[in-house]
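[1] sequence below, structure please.
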Amino acid sequence: MTARRDQVRRVLWALRVRLKMVVLDGLLRPVRPPQMVRLGTYYGGWWVPAADLPPGAALCVGAGTDVSLEVELQRLGHRVYAVDPTPRAVEFVRQHHPDLPLLPVGVWTEEGHLSFRRDETWPDSWSVEDESVVGTSAGSAGDVETFEVTTVRGLMERIGEPELTLLKLDIEGAEHAVVRQLLDDGVRPASLGVEFDDHRARQVLATTRLLRRNGYDLWQLEGLNALFVRR
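    Numbers count the residues shown, from 1 in each chain. Predicted structure coming up:
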């Protein structure tokens, strides 16, 4: 019975998300220029600029168990760093992609240690336990663990990269706070991929407006994944 309830919850959640993203697509109006290419699998892949993405440093936050984007970027000559503190992601990357540099930390608005809650329905999904982060998963709350966290600027200092060609943020609802912090810290990646797991319309619109004011155009919106490119 519990499994059936979870299945129904998933279906209803997916339908609500799909409807919301159709509405947001109309409000945000991504430009979708032709010079884009999609790298990776259907699940873990992202759109990136094709002509304006010279080899450089790519920081991909939120590895999970699909690093197909990271592998493709590495194949194309980028210096790629996967970031994820959760046990299943760390085990997956180290076992299946040992040549992919992995930083086993979380990303937040400050350095320290923070509690994360695992979703019971989707074990790969861990959300920051903070009142500013709104979880949008259809699953129920599971285990809580504490992981080390740092800022995007802190990650760049750890890997010794002063500039980023690409930054991907798949951080389960913490994206709005982290985007504000990285802009405050003066971080301006050439391309910024943001998964809007916290897809409340007001929050998504506010973050998009903030990025546009800071010199970014919204090139693509595919489901929850948004690609912003610096002008």
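[2] ok, the most centrally placed residue in the chain to R180 distance?
    Residue closest to the average C-alpha location in the chain (C-alpha atoms, centre = their mean): D170, at 1.7 Å. From D170 over to R180 the distance is 17 Å, taken as C-beta to C-beta, to the nearest Å. All C-beta spots, glycine's among them, are computed from the backbone N, C-alpha and C.
[3] now do H96
    H96 is 34 Å from R180, by C-beta to C-beta.
[4] could you pull up the mean pLDDT of the helix or strand containing Q7?
    Assigned by DSSP states H and E, Q7 belongs to helix 2-28. Mean pLDDT, helix 2-28: 73.
[5] next SSE downstream of that helix?
    Past helix 2-28, the next helix or strand by DSSP H and E is strand 36-39.
[6] helices or strands up against that next one?
    With contacts taken as 3 or more C-beta pairs under 8 Å, 6 or more residues apart in numbering; DSSP states H and E, strand 36-39 sits against strand 46-49, helix 68-75.
[7] could I get the ones you listed as CSV with mean neighbour count, distance to E111 and mean pLDDT?
    Below are the helices and strands packed on strand 36-39 laid out as CSV (neighbours: other C-beta atoms under 10 Å; distance: least, C-beta to C-beta, whole Å; pLDDT from 0 to 100):
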stretch, mean neighbour count, distance to E111, mean pLDDT
strand 46-49, 23, 27, 95
helix 68-75, 20, 24, 96
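[8] reformat those as TSV; add distance to L100.
    Shown next, in TSV, are the helices and strands packed on strand 36-39 (distance: least, C-beta to C-beta, whole Å):
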stretch	distance to L100
strand 46-49	16
helix 68-75	6
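[9] and of the ones you listed, who's closest to D184?
    Between D184 and the helices and strands packed on strand 36-39, the shortest gap by C-beta to C-beta is with strand 46-49, which sits at 24.7 Å.
[10] residues making contact with that closest one?
    Defining contact as C-beta atoms under 8 Å, 6 or more residues apart in numbering, one finds that strand 46-49 is touched by 35-40, 69, 73, 166, 168, 191, 193, 219-220, 222, 225, 227, 229.
[11] how about low-confidence regions in this protein?
    The chain contains residues with pLDDT under 70 at 1-3, 6, 8-14, 17, 51-54, 120-123, 131, 134-142.
[12] hey, which strand is longest across this protein?
    strand 141-150 (DSSP state E).
[13] list the buried residues in it.
    Buried residues in strand 141-150, defined by neighbour count with 16 or more other C-beta atoms under 10 Å: F147, V149, T150.
[14] that strand packs against which elements?
    strand 106-107, strand 112-119.
[15] mind listing what R213 touches?
    Counting by C-beta under 8 Å, 6+ apart, R213 has no contacts.
[16] please report how far it lies from Q181.
    For R213 relative to Q181 (C-beta to C-beta), the value is 16 Å.
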